[in-house]
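Q: okay, sequence plus prediction incoming.
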Amino acid sequence: MDFNSMDFNAPLVKVLTLGFAVIGLLSISRKVVSYIRLLLSLFVLSGKNLRAYGKKGTWAVITGASDGIGKEYAIQLAQKGFNLLLVSRTQSKLDTLRQEIEHKYAGSAVKVKVLAMDFAKDDEKDYAALQALVNDLDVGILINNVGLSHSIPIPFIETPKEEIRDIIGINCLATLKVTQIVAPGLVKRKKGLILTMGSFGGWMPIPLLATYSGSKAFLQHWSTALGGELKGSGVDVELALSYLVTTAMSKIRRSSAMIPNPRQFVRATLGKIGRSGGAQNMAYTSSPWWTHGLMQWWLENTLGIGSGLGLQFNRGEHEKIRKRALKKAEREAKKV
């Protein structure tokens, strides 16, 4: 067909033009509505009140509780009157945190139990001990926080087998086992919250962190599937996505608008339960920190989460991080 000779007043052409205009308008309208929803979720609307999961004195189980984000979950849930069962690897750190919480919140009668447990060992005796503790408690909240990443960015084919085993064992298998211990009680009570820590590394594939990225992607799909299974049971399931937070895992010490400290991130997370933020394309998922939510929305709606350009950028950034880490290790080795 000769474009120059086309009759733009023909009925068919008019219909097609109108159709494309409607499709374009609907597409733009959808993006506008999505962005308004994002802004409301991040800056205006509050999340579900934690009292919905139990009155004061209800128990919260927190894994990876002795440092960073896990420790902050413990402190802030204690401030809200929840009793705590803290599970982490180091007994001394757990004892110190228990004393700190009991000393600061004794007036509110907060009780704290601890269980030292190395999830990398996958010891069934440890899980039996956890089961015995949970059986005697009125648990309303489970925080799946325990996690492990690579010591430095590393190509997959060079990753030590022990590191692969520990990352998968801690991030995936331990989370599933702990949830199978705690979740039946929540379902029986017909109310509860299962909150699992996700990562942008699971939402967007990260070269040189392939095993970690894959483990967090597993948690994303598992958590969303679990949320679908438990819908209507009274038990809420949520995966909280974070970019970077100033923790030992990230090795970042200085906070900023883009990189909150654990206190800021946990306050946002607990205050936004049920709000998606930028995580609108995956059910039972939230990105509670405001800059993370904005970044997620814009990346999803421009580059796309698995685009070649995004992979190239992430690979370049992590190659730089790896080079700096290797140079630092060389300098330290020369000092010995």
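A: Everything's here; your move.
Q: pull out the buried residues from the lengthiest helix in the chain.
A: Ranked by residue count and defined by DSSP state H, the top helix of the chain is helix 11-43. The neighbour-count check on helix 11-43 (16 or more other CB atoms under 10 Å) flags 35, 37, 38, 41, 42 as buried. Quick note: C-beta positions are derived from backbone N, CA and C, even for glycine.
Q: elements contacting it?
A: helix 290-301 (3 or more CB pairs under 8 Å, 6 or more residues apart in numbering; DSSP states H and E).
Q: now the element after the helix it packs on, going C-ward?
A: Using DSSP states H and E, the next helix or strand after helix 290-301 towards the C-terminus is helix 308-335.
Q: now that following helix against helix 290-301, angle please.
A: 130 degrees (axes from the mean of the first three to the mean of the last three CA atoms, to 10 degrees).
Q: dump the residue contacts of residue 172.
A: 215, 218, 219, 222 (CB atoms under 8 Å, 6 or more residues apart in numbering).
Q: residue ranges with poor pLDDT in the stretch 101-250 of the chain?
A: Applying pLDDT under 70 to the stretch 101-250 of the chain picks out residues 106.
Q: where along it do the helices fall?
A: Secondary structure of the stretch 101-250 of the chain (DSSP state H, counting those that start in this stretch): helices located at 124-135, 161-168, 175-189, 200-203, 210-230.
Q: mean confidence for the longest helix of the chain?
A: On average, the pLDDT along helix 11-43 is 85.
Q: following element in sequence after it, please.
A: Moving toward the C-terminus from helix 11-43, the next helix or strand (DSSP H and E) is strand 59-63.
Q: list the contacts of that following strand.
A: By CB under 8 Å, 6+ apart, strand 59-63 touches 70, 73-74, 77, 82-88, 119, 134, 137-146, 174-175, 178, 182.
Q: type out the ChimeraX command that picks the buried ones from these.
A: Burial among those is assessed by 16+ other CB under 10 Å; the matching ChimeraX selection reads:
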select :70,73,74,77,82,83,84,85,86,87,88,119,134,137,139,140,141,142,143,144,145,146,174,175,178,182
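Q: which of the contacts of strand 59-63 fall within strands?
A: 83, 84, 85, 86, 87, 88, 139, 140, 141, 142, 143, 144 (DSSP state E).
Q: where does the first one land on pLDDT?
A: Residue 83 carries a pLDDT value of 97.
Q: look up the residues forming beta bridges with it.
A: residue 59 (DSSP bridges).
Q: same deal with the fifth one?
A: According to DSSP bridges, the partner residues bridging residue 87 are residue 63, residue 115.
Q: contacting residues around it?
A: When contacts are taken as CB under 8 Å, 6+ apart, residue 87 is in contact with 61, 62, 63, 64, 65, 114, 115, 117, 130, 146, 178.
Q: I'd like to know how many residues surround the third one.
A: Right, residue 63. Neighbours of residue 63 under the rule other CB atoms under 10 Å: 28.
Q: quick one, what contacts residue 185?
A: Residues near residue 185 by CB under 8 Å, 6+ apart: 134, 139, 192.
Q: let me fix that, I meant to ask about residue 250.
A: 244, 259.
Q: make it 6 Å
A: Residue 250 is in contact with residue 244, counting by CB atoms under 6 Å, 6 or more residues apart in numbering.
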